[in-house]
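*Asks:* Have a look at this prediction, sequence included:
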Amino acid sequence: MPEFSAQTLLRSPTITIRDVYCQGSCSPQSAEECATVTELVFPYRGAYVRHLGQDQAVAEANQVLFFNATEGYRVSHPVPGGDATLSLAVSQPLLYELAPPALLRDGATLAFRRLSLRIDARTQVLMALLRHSLRQNLAEPLEAESLALTLVQRALGPRTTHAAGASVGRQRLVDRAKLVLASDLSRRWTLAEVGAEVRCSPVYLTQVFQQVEGQPLYRYQLRLRLARALDLLAQYDDLTALSLDLGFSSHSHFSAVFREVYGRTPSQFRQSALRR
């Protein structure tokens, strides 16, 4: 199979949406790549690291990444298994309307200041609904465009996103913890195990992770698991099997936390996203 493939799910004067897959075979940094247009990229499966100069961002399902046109970057895959993302390229006039000025660089060309933002649960649901409805050919273009613009607006909103802020050392520590969690979503990690993997004490890791990401480590892991469930619900008829494969103790536990985070049960989400 090719290392990289992309399927266009929607193309209109307003927005282009692509489903992008990468085999993730390059563990060290790749050769420099360059986006041809400015894109918002929503990872929904696997994880990778995007390197831009001395900065980096871990790409996983709790984040939206910003790729600026003509800006060179490199990618590495410390977690095996490859990755999949939904990429949205919005027309520049609309993106200027949707993006808060604080997120944009000064200049004639639209470009984002940050590499990524942490998105909220509602944004994850919107992304999954958009992707499933397009892949299943259930959404008319007008519906898909409207849903996509709502997704972009929420992914950029100061009330619905979180911008990590910390020293480089603390950010790197949190990045390593994210990759540990993403390496095995079904594993019931303990703080001691994660701390041993990133080589720091559980107490320090807990404090730094909360400071940088604005939520506890266990909550972050739960959101990663549930985002994977949003991706896999189209493939599972047996929700008990899905819940156990993702490391939940039972179907009732999985259903309860899914509803707590996303405001609906897995069955209700599947009905709305797949209409079955």
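*Replies:* Yep, it's here. Numbers count the residues shown, from 1 in each chain.
*Asks:* Got the confidence number for the closest residue in space to residue 164 that isn't next to it in sequence?
*Replies:* Closest residue in space to residue 164, ignoring its immediate chain neighbours: residue 212 at 4.9 Å, by Cβ to Cβ, 6 or more residues apart in numbering. Glycine gets a C-beta too; all of them are placed from N, C-alpha and C. With respect to pLDDT, residue 212 scores 93.
*Asks:* List the contacts of residue 212.
*Replies:* Applying Cβ atoms under 8 Å, 6 or more residues apart in numbering, we find residue 212 in contact with 164-166, 170-171, 174.
*Asks:* again with residue 174
*Replies:* For residue 174, the contacting residues are 164, 166, 208-209, 212-213, by Cβ under 8 Å, 6+ apart.
*Asks:* Pull the most distant pair out of the contacts of residue 212.
*Replies:* Spanning the widest gap among the contacts of residue 212 are 165 and 174, at 11.1 Å by Cβ to Cβ.
*Asks:* Then residue 44 would be within a helix, right?
*Replies:* No. Residue 44: not assigned to a helix; according to DSSP: H, G, I helix; E, B strand; the rest coil it is strand.
*Asks:* Would you confirm that it contacts residue 227?
*Replies:* Yes. Counting by Cβ atoms under 8 Å, residue 227 is a contact partner of residue 44 at 6.4 Å.
*Asks:* between the two, what contacts are shared?
*Replies:* 61, 128.
*Asks:* So between these two, which is more surrounded?
*Replies:* residue 227 (26 against 20; other Cβ atoms under 10 Å).
*Asks:* Nearest residue to that one in space, ignoring adjacent ones along the chain?
*Replies:* Excluding the flanking residues, the one nearest residue 227 by Cβ to Cβ, 6+ apart is residue 61, at 3.5 Å.
*Asks:* Now do the same for the spatially most distant residue from the centre of the chain: its pLDDT.
*Replies:* Distance from the C-alpha centroid of the chain peaks at residue 108, with 28.6 Å (Cα atoms, centre = their mean). In this model, residue 108 is scored at 76, pLDDT.
*Asks:* hang on, it in a strand?
*Replies:* No. Applying three-state DSSP, one finds residue 108 to be coil, outside a strand.
*Asks:* That one and residue 92, how far apart?
*Replies:* To residue 92, residue 108 is 11 Å away according to Cβ to Cβ, to the nearest Å.
*Asks:* Equivalent analysis for residue 265, please.
*Replies:* The value you get for residue 265 to residue 92, if Cβ to Cβ is used, is 39 Å.
*Asks:* And for residue 181?
*Replies:* In terms of Cβ to Cβ, residue 181 sits 35 Å off from residue 92.
*Asks:* and what of residue 183?
*Replies:* 37 Å.
*Asks:* neighbour count winner among those two?
*Replies:* With neighbours defined as other Cβ under 10 Å, residue 183 and residue 92 compare such that residue 183 has more, 16 against 13.
*Asks:* Now do the more buried one, the pLDDT please.
*Replies:* On the pLDDT scale, residue 183 is placed at 93.
*Asks:* got it, and residue 276?
*Replies:* With respect to pLDDT, residue 276 has a value of 52.
*Asks:* buried sites along the helix or strand that the residue nearest to residue 164 is a member of?
*Replies:* Residue 212 belongs to helix 202-213 when assigned by DSSP states H and E. Within helix 202-213, the residues that count as buried by 16 or more other Cβ atoms under 10 Å are 205-206, 208-209, 212-213.
*Asks:* Could you point out the helix or strand that follows it?
*Replies:* helix 217-232.
*Asks:* what about stretch 112-128, start to end distance?
*Replies:* 24 Å (Cα to Cα, to the nearest Å).
*Asks:* follow-up on the earlier one: can you redo the contacts of residue 212 as TSV with pLDDT?
*Replies:* Listed next are these as TSV, based on pLDDT from 0 to 100:
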residue	pLDDT
164	79
165	75
166	76
170	93
171	93
174	96
